[in-house]
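Colleague: got a sequence here, can you build the structure:
(one chain, ligands or ions: 2)
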Amino acid sequence: MHYFSDQKMNRYIAPSILAADFNNLERDVSLINESNATWLHCDIMDGVYVPNISFGIPVVEALSKISEKPLDVHLMIVEPEKYVDRFCNVRPDFLTVHYEACKHLNRTVNHIKENGVKAGVSVNPHTPVELLTEIISEVDLVLIMSVNPGFGGQSFIKGSLRKIEKARTLITTSGSRALIQVDGGITTKNAGKIFAAGADILVAGTSVFHSSDPKKAIDDMLNS
Ligand code: DX5
Ligand code: ZN
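Modeller: Ligands and ions are numbered 1, 2, ... in the order given. As a prediction, the model looks like this:
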């Protein structure tokens with residue numbers, strides 16, 4: 001599937017496996033396989049870039065074997081350039097690095113793309129989206145963090161809506177075809193507003209996997 005931003009607003013959901021039951025990963029991935037989600041979002045945390053450690057390449061490789069949805073890998077790690085080839089070997093749709101973690105972001109973004117993987121760049125809540133001006137035309141995805149990265153189950157930072165609008169303006173004026181992804185604190189209650197602000201893809205962990213009916217939670221967000 002080729003995803004690109006155009007005047008029509010897209011609506012996609014990428015459930016974050018971080019909130020799944022790690023004692024029943026295969027069961028939870030099957031739930032997503034049967035759902036209307038478009039990607040499976042994999043949150044990689046190194047305990048340095050963020051104050052938490054999640055999982056690494058062996059788990060992502062295992063997920064890629066059972067997920068019928070393409071993977072969307074979010075690297076919350078320092079020196080992500082060291083791991084681009086190994087994560088790209090798993091053939092995710094997207095590999096996203098943090099702006100704040102890259103000394104040579106243009107080189108890292110192009111390294112991802114040379115691997116035939118779509119490149120994403122993420123900004124933390126305190127990082128102005130305008131800092132992406134020089135890279136916006138090179139990336140396939142802009143990930144707006146609507147929580148401070150490192151943990152699921154946090155509350156959506158309200159200022160993120162304005163930031164999504166700014167990202168949409170930056171993409172439109174630059175002629176970029178990047179998609180806007182928003183990640184953190186997304187629920188069936190705020191999903192409609194976040195899509196309306198200009199987001200294409202919503203990442204949701206807790207509100208999907210801790211719901212009594214994850215497939216319905218995904219549909220409720222898509223139809224909100
Ligand atoms: C946070 C991660 C998010 C998080 C989303 O650092 O990037 O993907 O897991 O989880 P919820 O939806 O629970 O906020
Ligand atoms: Zn994430």
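Colleague: poorly predicted segments of this structure, please.
Modeller: 1-8 (pLDDT under 70).
Colleague: any idea how far stretch 119-133 is from the middle of the chain?
Modeller: With Cα atoms, centre = their mean, to the nearest Å as the basis, stretch 119-133 stands 13 Å off its chain's centre.
Colleague: next, the distance between the ends of that stretch.
Modeller: 16 Å (Cα to Cα, to the nearest Å).
Colleague: cool, stretch 171-187 as well?
Modeller: First-to-last distance for stretch 171-187 - Cα to Cα - comes to 25 Å.
Colleague: dump the residue contacts of Ala19.
Modeller: Applying Cβ atoms under 8 Å, 6 or more residues apart in numbering, we find Ala19 in contact with Gly152, Gly153, Gly205, Thr206, Val208, Phe209, His210. C-beta here means a position set from N, CA and C on the backbone, and glycine is covered the same way.
Colleague: now Cys42. Its backbone dihedrals?
Modeller: Phi and psi for Cys42, reported as degrees, to the nearest 10, are phi -110, psi 110.
Colleague: kindly report the same for the one 3 residues further on.
Modeller: Its backbone dihedrals place Met45 at phi -130, psi 140, with angles given as degrees, to the nearest 10.
Colleague: for the protein, which segments count as strands?
Modeller: Ranges of strands within the chain are 12-15, 40-45, 71-76, 94-98, 118-123, 141-145, 179-183, 201-204, based on DSSP state E.
Colleague: can you lay out those strands as CSV showing mean neighbour count?
Modeller: Converted to CSV, the strands of the chain look like this (neighbours: other Cβ atoms under 10 Å):
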stretch, mean neighbour count
strand 12-15, 25
strand 40-45, 25
strand 71-76, 26
strand 94-98, 27
strand 118-123, 23
strand 141-145, 26
strand 179-183, 26
strand 201-204, 27
